[in-house]
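Q: Structural data only, the sequence is not supplied:
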């Protein structure tokens, strides 16, 4: 689950929880306030009955006729029989006992769907005043329904708001993903680098012990020293490539940088012909094709490509190179006739800080970071790197950069 979705869910949950809590509190408070108001009304009836010197039934009947508040009036006889005197709000249940009547004489209490207050008369009789709770409970149920609908609407609005808000701030999501990916790749790379450094260090340690122990004749010791020198060179290459990769991550670039791709390619071809005169090279390089890229980065990009060609393809294998511009883009392709790459590399592509082909690089003396550096340079300048099999079965590298308009 990416950061954008997590933030949307978090914000929506908080808004929904707060809205539901406030709404529940408001519904509960409204119900309690209305209940208190009705309790006060029947308390006033009881108070008037206590203060009157006339017959309580007569006074209660008069109050009921004059009041807009619908309440019921029942007489509870000595044998706990219920005699309904006034029924404006539902009958008082006949399942009352003496304990209930005594408790109701202190404060209003619930009795089924009614809420009642009692007044003890002469002897063991009680006068019970009550009102129905059905209307209040129906109103509370409707308010709870409205609260549920309101909460759902708030949730929908919160999700939509969060989605559009965080979508506009997609850079945050991309940055979080990039941090996770870079951390994973860095840890993987450090593990690979530690493994690769451990191998030459072990070899160097072994040959150093042989030299230190004075074993072998002069020729043998010279051979040991050559092995040590080769392993040191391998370590230096790995460390230098690592520093190059780190520099490409941190160095600021200028869009005002322009470099002549045609000239750089022709220079690399000329150097390759001098080193490998037996190699056939077919070129189709358009003149004066200038791309938006620093000259140093372009040289490093091409240097790694041609270094891989010299390292991994036979000296006499053909090479095809072309360069052209179309619209606002510069495209150059370099196709060799070497062994190519396993199918999975064409499918997965190059990933930053990941050794591209560790076994092949180790056998040829490379660090395995050449392709990663190539990818970093191209990506750094807003370009695209494509890998595919060449017609001869080798590797074809296509690099697309922005055309300089200057």
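A: All right, it came through fine. Keep in mind it's a predicted model, so treat the numbers as computed, not measured. Residues are numbered from 1 along each chain as shown.

Q: who are the neighbours in contact with residue 163?
A: residue 8 (CB atoms under 8 Å, 6 or more residues apart in numbering). Any C-beta I mention is one placed from the backbone N, CA and C, and that applies to glycine too.

Q: distance of residue 159 from residue 12?
A: Residue 159 sits 5 Å away from residue 12, going by CB to CB, to the nearest Å.

Q: Name the residue in these two with the higher neighbour count.
A: It is residue 12, of residue 159 and residue 12, that has more neighbours when counted by other CB atoms under 10 Å, with 20 against 16.

Q: wait, isn't that one in contact with residue 151?
A: No: using CB atoms under 8 Å, residue 12 is not in contact with residue 151; the gap is 11.3 Å.

Q: how far is the helix or strand hosting residue 268 from where the chain is centred?
A: Using DSSP states H and E, the element containing residue 268 is helix 261-275. Computed by CA atoms, centre = their mean, to the nearest Å, the chain-centroid distance of helix 261-275 equals 46 Å.

Q: And that helix, what does it pack against?
A: strand 281-285, helix 295-312, strand 319-326, strand 329-336 (3 or more CB pairs under 8 Å, 6 or more residues apart in numbering; DSSP states H and E).

Q: now residue 317, what's its secondary structure?
A: Per DSSP: H, G, I helix; E, B strand; the rest coil, the secondary structure class of residue 317 is coil.

Q: What is the burial count for it?
A: Neighbour tally, residue 317, other CB under 10 Å: 18.

Q: Show the model's pLDDT score for the closest residue to it other than its chain neighbours.
A: Excluding the flanking residues, the one nearest residue 317 by CB to CB, 6 or more residues apart in numbering is residue 337, at 4.0 Å. Per-residue pLDDT puts residue 337 at 89.

Q: export the helices and strands packed on helix 261-275 to JSON lines and tack on distance to residue 54?
A: Below are those laid out as JSON lines (distance: least, CB to CB, whole Å):
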{"stretch": "strand 281-285", "distance to residue 54": "120"}
{"stretch": "helix 295-312", "distance to residue 54": "107"}
{"stretch": "strand 319-326", "distance to residue 54": "109"}
{"stretch": "strand 329-336", "distance to residue 54": "105"}
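
Q: closest to residue 47 out of these?
A: For the helices and strands packed on helix 261-275, proximity to residue 47 was assessed by CB to CB; strand 329-336 is nearest, at 93.2 Å.

Q: Quickly run through the sheet partners of that closest one, with directions.
A: Its sheet considered, strand 329-336 pairs with strand 319-326 (antiparallel), strand 395-402 (antiparallel) by DSSP bridges.

Q: Switch those strands over to TSV; also include mean pLDDT, mean neighbour count and distance to residue 44.
A: Formatted as TSV, the strands paired with strand 329-336 follow (pLDDT from 0 to 100; neighbours: other CB atoms under 10 Å; distance: least, CB to CB, whole Å):
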stretch	mean pLDDT	mean neighbour count	distance to residue 44
strand 319-326	94	18	93
strand 395-402	93	20	87
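
Q: Can you say which of those is nearest to residue 292?
A: strand 395-402 (4.3 Å).

Q: quick check: angle from that closest one to helix 295-312?
A: Taking axes from the mean of the first three to the mean of the last three CA atoms, to 10 degrees, strand 395-402 and helix 295-312 form an angle of 170 degrees between their directions.
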